[in-house]
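**Q** just a sequence and a predicted model for now, questions to come.
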Amino acid sequence: MSFLFRKIFKTRAFHAFIYRFIRIYSSTFRMRIENEQKWMEHFAQGGRVVLCTWHQQFFPAIRHFQTYRRFKPSLMISKSTDGEIIADVAERSGWHAVRGSSSRDGKTALKEMIRRLRQFGMAAHIVDGPKGPAGIVKAGVIQLADIADAVIVPFYTSADRAWYFNSWDTFLLPKPFATVVLSFGEMINLDTTASPDTFERQRLALERIMLPELRTKSTRSSSD
């Protein structure tokens, strides 16, 4: 039975169903977008941008991120079975899925991300994905932004009513008709990564900026 389910999960028909379900489900959200203009102006003037978030919070952003499809942005997604579904949803949303992760084909995927970021100017990165640990920024986003000469723009999502999964990332799923806030942080310009120590300081600095926005049991609202 599990073999049959795996075959179904890999079909384009199933992926199309998931994509349509996400679009319909997300259309119930009352979306509010905060602090988008500054980095968009930077991008419009020829600057390169890497948008990044925690794995916990990417789902509520899918609806709005479809509006960036004309910019031909890229997103690195693992080669796992779950990754296949996410990659197909990303492609249908107008994002180019680059397959790979820190544990599998990461170097090749990073090179492709850098190439496309240099060409089109926009990419996104899940800083602690695909398997965590939660709250730990991995090195890939620093390498990507540094080599492609891009600014890093963290973004965060929250909802007034949401479910939180019992998963490694405490995955956030807004309830139907929830008010969802998609908030962008300030642009981060990296200093040159001339040494491993400098590189690590930048990674830790980004982690310190983003950690307060990670949703935990202690920060959930009573409606969760």
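**A** Noted; the coordinates are in hand.
**Q** what comes into contact with the helix or strand hosting residue 85?
**A** In this assignment (DSSP states H and E), residue 85 forms part of helix 81-92. Residues outside helix 81-92 that contact it (C-beta atoms under 8 Å, 6 or more residues apart in numbering): 6, 9-10, 12, 14-16, 18-19, 22, 62, 75, 77, 96-97, 99, 101, 130. To be clear about C-beta, it is placed using only N, CA and C from the backbone, and glycine gets the same treatment.
**Q** got the CA coordinates for stretch 141-152 in PDB?
**A** C-alpha atoms of stretch 141-152 as PDB (Å, rounded to 0.1, in the frame of the first residue of the first chain):
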ATOM      1  CA  VAL A 141      22.100  31.500   2.000                       C
ATOM      2  CA  ILE A 142      25.300  33.400   3.000                       C
ATOM      3  CA  GLN A 143      27.300  31.800   0.100                       C
ATOM      4  CA  LEU A 144      24.500  32.500  -2.300                       C
ATOM      5  CA  ALA A 145      24.100  36.200  -1.500                       C
ATOM      6  CA  ASP A 146      27.900  36.800  -1.200                       C
ATOM      7  CA  ILE A 147      28.900  35.200  -4.500                       C
ATOM      8  CA  ALA A 148      26.000  36.700  -6.400                       C
ATOM      9  CA  ASP A 149      26.500  40.100  -4.800                       C
ATOM     10  CA  ALA A 150      22.900  40.200  -3.500                       C
ATOM     11  CA  VAL A 151      21.300  41.600  -0.400                       C
ATOM     12  CA  ILE A 152      19.500  39.300   2.000                       C
END
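**Q** now the contacts of helix 81-92: which count as buried?
**A** Among the contacts of helix 81-92, those classed as buried by neighbour count (16 or more other C-beta atoms under 10 Å) are 14-15, 18-19, 22, 62, 75, 77, 96-97, 99, 101, 130.
**Q** nothing else from me, thank you.
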